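A.B. asks: One predicted model, sequence on top.
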Amino acid sequence: MSGTAELTPQVLGRAMDIARAAYEEALRRHGMLAGTIALISVYAEENLAEVNGEDDAAISSPVADSRRA
């Protein structure tokens, strides 16, 4: 056993969740409003989906859904 995790979609997804949570908490500590943090997170998700070649419709969050309405 080499001690490294296989980079499965689940492992990468978990790593993204941890990074997002840390970034959002830093924004909160800086005094940014919750709605602004949520919107920035949606923008980041959209950018990552674009980089990964995913369809924008694959992203589902309350803020993203309200922006599409």
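C.D. replies: On my side now, so go ahead.
A.B. asks: At which residues are the helices of the protein located?
C.D. replies: 9-30, 34-51, 62-68 (DSSP state H).
A.B. asks: Format those as TSV; extra columns: mean pLDDT.
C.D. replies: Converted to TSV, the helices of the chain look like this (pLDDT from 0 to 100):
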stretch	mean pLDDT
helix 9-30	93
helix 34-51	93
helix 62-68	54
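A.B. asks: Can I get these in TSV including distance to Gly3 and mean neighbour count?
C.D. replies: Any C-beta I mention is one placed from the backbone N, CA and C, and that applies to glycine too. Conversion of the helices of the chain to TSV gives the following (distance: least, C-beta to C-beta, whole Å; neighbours: other C-beta atoms under 10 Å):
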stretch	distance to Gly3	mean neighbour count
helix 9-30	14	11
helix 34-51	27	14
helix 62-68	37	12
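A.B. asks: For Met16, see how far away the residue most central in space within the chain is.
C.D. replies: Nearest to the geometric centre of the chain sits Glu45, at 4.5 Å (C-alpha atoms, centre = their mean). Using C-beta to C-beta, to the nearest Å, Glu45 is found at 9 Å from Met16.
A.B. asks: Pretty sure Arg28 sits against Ile37.
C.D. replies: Yes - contact status for Arg28 versus Ile37: in contact at 6.5 Å, counting by C-beta atoms under 8 Å.
A.B. asks: Please report how far Arg28 lies from Val11.
C.D. replies: 26 Å.
A.B. asks: my bad, should have said Gly31
C.D. replies: For Gly31, the distance to Val11 - C-beta to C-beta - is 33 Å.
A.B. asks: ok, now Tyr43?
C.D. replies: For Tyr43 relative to Val11 (C-beta to C-beta), the value is 24 Å.
A.B. asks: Over to Leu33?
C.D. replies: Per C-beta to C-beta, Leu33 is found 32 Å from Val11.
A.B. asks: And for Ala26?
C.D. replies: Remark: distance between Ala26 and Val11 (C-beta to C-beta) = 23 Å.
A.B. asks: excluding its backbone neighbours, what's nearest Ile40?
C.D. replies: Among residues not flanking Ile40 along the chain, Leu27 sits closest, at 7.1 Å (C-beta to C-beta, 6 or more residues apart in numbering).
A.B. asks: Perfect, that will be all.
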